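Participant: Okay, predicted coordinates and the sequence, questions at the end:
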Amino acid sequence: MDIYRRIRAAYGAYPGEKRVIGRSLEGRALFAFRMGEGRPLGIAVYAVHAREWLTALLALEHLKRPPSRGSVWLVPLLDLDGALLVQRGLESVRSPARREALLSLNGGDFSLWKANAAGTDLNVNFPARWGRGKSNVFAPAPANFVGECPLSAPESRALAAFTLKERPDYTLAFHTKGEEIYWHFHQPPLRLVRDYFFASAVARSTGYPLKEAPSSSGGYKDWCIEALHIPALTIEAGENALSHPLGEGALPALVRRAGEAVRAAAEAAKEIEWKKNSCARR
């Protein structure tokens with residue numbers, strides 16, 4: 001069963017709050033699952049890149065570990081059309097014209113594809129210093145195309161609208177691979193201290209080191225930090241020695257290291273909230 005059908009089946013069986021937050025370029029549903037109650041509220045997104053579809057199964061593992069404080073929305077499969085391209089190839093593409101365009105763009109092997117079904121890389125399509133990244137490209141490609149404009153892709157547009165509606169206190173984006181956490185994006189000093197505290201708590205739960213990405217731009221994490229002024233992390237799960245695309249056999253190792261990351265984030269956000277309220281009462 002392909003990854004979209006697995007997430008769709010999990011959505012159908014999930015007894016808690018859930019929502020379709022939008023549709024992909026090919027018209028497939030973008031599913032979100034909520035676990036826990038109240039605030040702080042987080043959003044965790046997975047499979048932002050097509051070849052990193054394994055993180056959608058990590059989301060289902062996180063769904064078994066609800067936070068003891070607050071609540072989290074999980075969006076397990078953001079780049080679902082792209083993930084199906086990786087898993088099933090061109091036969092997964094519904095539009096004949098789009099199949100032709102993809103074939104001319106990439107040939108027949110989509111195993112390393114990162115973008116959506118139009119060749120837009122969702123993780124450089126957000127309005128946060130858009131188009132200024134070191135690796136950005138400006139035409140459809142298997143990776144790094146920033147899109148025609150910020151939020152031009154329906155998947156990134158749906159996630160942005162959902163995020164603005166929910167107004168989370170923090171966000172997490174799970175990728176593969178490298179076993180490191182990116183947390184920094186031009187924060188001013190006071191927010192830098194807060195965000196470092198948050199990131200450090202998640203880093204301790206995983207054993208992953210914190211890293212900065214000086215050439216980053218246009219990512220979901222970048223946008224959440226710059227536009228919403230909240231802590232946001234990109235978590236690269238999986239050993240760097242592994243090869244893309246990570247197969248299901250790599251999932252146990254991802255769970256061992258990153259299985260408590262969402263819980264740790266919720267705990268850290270609650271601590272930040274407590275400190276903020278405590279200072280306000282003085």
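Facilitator: Yep, it's here.
Participant: Give me the below-cutoff pLDDT ranges for the stretch 151-282 of the chain.
Facilitator: 274-282 (pLDDT under 70).
Participant: residues contacting A50?
Facilitator: Neighbour list for A50: D79, D81, G82, A83, L85, V86, F110, W113, K114, A115, N116 [criterion: C-beta atoms under 8 Å, 6 or more residues apart in numbering]. All C-beta spots, glycine's among them, are computed from the backbone N, C-alpha and C.
Participant: Name the secondary structure element that contains the residue nearest to M1 when sequence neighbours are not counted.
Facilitator: What sits nearest to M1 in space, not counting adjacent residues and going by C-beta to C-beta, 6 or more residues apart in numbering, is A9, at 7.6 Å. Counting by DSSP states H and E, the element that carries A9 is helix 3-13.
Participant: Whichever helix or strand comes after that helix - contacts with which helices or strands?
Facilitator: Going down the chain from helix 3-13, the next helix or strand is strand 18-23, by DSSP H and E. Judged by 3 or more C-beta pairs under 8 Å, 6 or more residues apart in numbering; DSSP states H and E, strand 18-23 is in contact with strand 29-36, helix 154-166.
Participant: outside of the first one, which residues touch it?
Facilitator: Translated: strand 29-36. Strand 29-36 is contacted by residues 7-8, 10-11, 14, 16-24, 59, 63, 66-67, 69-78, 80, 155, 158-159, 162, 266 when judged by C-beta under 8 Å, 6+ apart.
Participant: circling back: turn the contacts of A50 into TSV, including distance to A173.
Facilitator: As requested, those are exported to TSV (distance: C-beta to C-beta, whole Å):
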residue	distance to A173
D79	12
D81	18
G82	15
A83	15
L85	20
V86	18
F110	22
W113	18
K114	14
A115	16
N116	16
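Participant: Give me the subset of the residues you listed that lies in helices.
Facilitator: D81, G82, A83, L85, V86 (DSSP state H).
Participant: Tell me how many other residues surround D79.
Facilitator: D79 sits with 34 neighbouring residues when counted by other C-beta atoms under 10 Å.
Participant: can you give me the helices in the protein?
Facilitator: Under DSSP H, the chain gives helices at 3-13, 54-62, 80-88, 96-106, 154-166, 189-206, 220-228, 251-258, 261-281.
Participant: So what angle separates the directions of the shortest one and helix 54-62?
Facilitator: Spelled out, that is helix 251-258. Interaxial angle of helix 251-258 relative to helix 54-62 (axes from the mean of the first three to the mean of the last three C-alpha atoms, to 10 degrees): 60 degrees.
Participant: circling back: return the member of the ones in helices among the contacts of A50 nearest to P189.
Facilitator: P189 lies nearest to G82 out of the ones in helices among the contacts of A50, by C-beta to C-beta, at 37.8 Å.
Participant: which residues sit in contact with the closest one?
Facilitator: By C-beta under 8 Å, 6+ apart, G82 lies in contact with H49, A50, R51, W113, K114, A115, N116, A117.
Participant: related to what we said a few turns ago, mind giving me a markdown table with the helices of the chain and columns for distance to A29?
Facilitator: Listed next are the helices of the chain as a markdown table, based on distance: least, C-beta to C-beta, whole Å:
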| stretch | distance to A29 |
| --- | --- |
| helix 3-13 | 7 |
| helix 54-62 | 14 |
| helix 80-88 | 8 |
| helix 96-106 | 18 |
| helix 154-166 | 10 |
| helix 189-206 | 29 |
| helix 220-228 | 19 |
| helix 251-258 | 23 |
| helix 261-281 | 22 |
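Participant: looking at these, which is closest to A237?
Facilitator: Among those, helix 251-258 comes nearest to A237, with 4.6 Å by C-beta to C-beta.
Participant: Can you mark which positions in the closest one are buried?
Facilitator: Using 16 or more other C-beta atoms under 10 Å as the test for burial, helix 251-258 gives L251, L254, V255, R257, A258.
Participant: do the same with stretch 217-233
Facilitator: Of the residues in stretch 217-233, 217-226, 228, 230-233 count as buried by neighbour count, 16+ other C-beta under 10 Å.
Participant: for those, which one is nearest K270?
Facilitator: P231 (12.4 Å).
Participant: what separates the closest one from P40, distance-wise?
Facilitator: P231 sits 10 Å away from P40, going by C-beta to C-beta, to the nearest Å.
Participant: what do these two both touch?
Facilitator: By C-beta under 8 Å, 6+ apart, the residues touching both P231 and P40 are D169, Y170, A269, I272.
Participant: Restrict those to the buried ones and give me that as a PyMOL selection.
Facilitator: Only the buried entries of the shared contacts of P231 and P40 go into this PyMOL selection, using 16+ other C-beta under 10 Å:
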select buried, resi 169+170+269+272
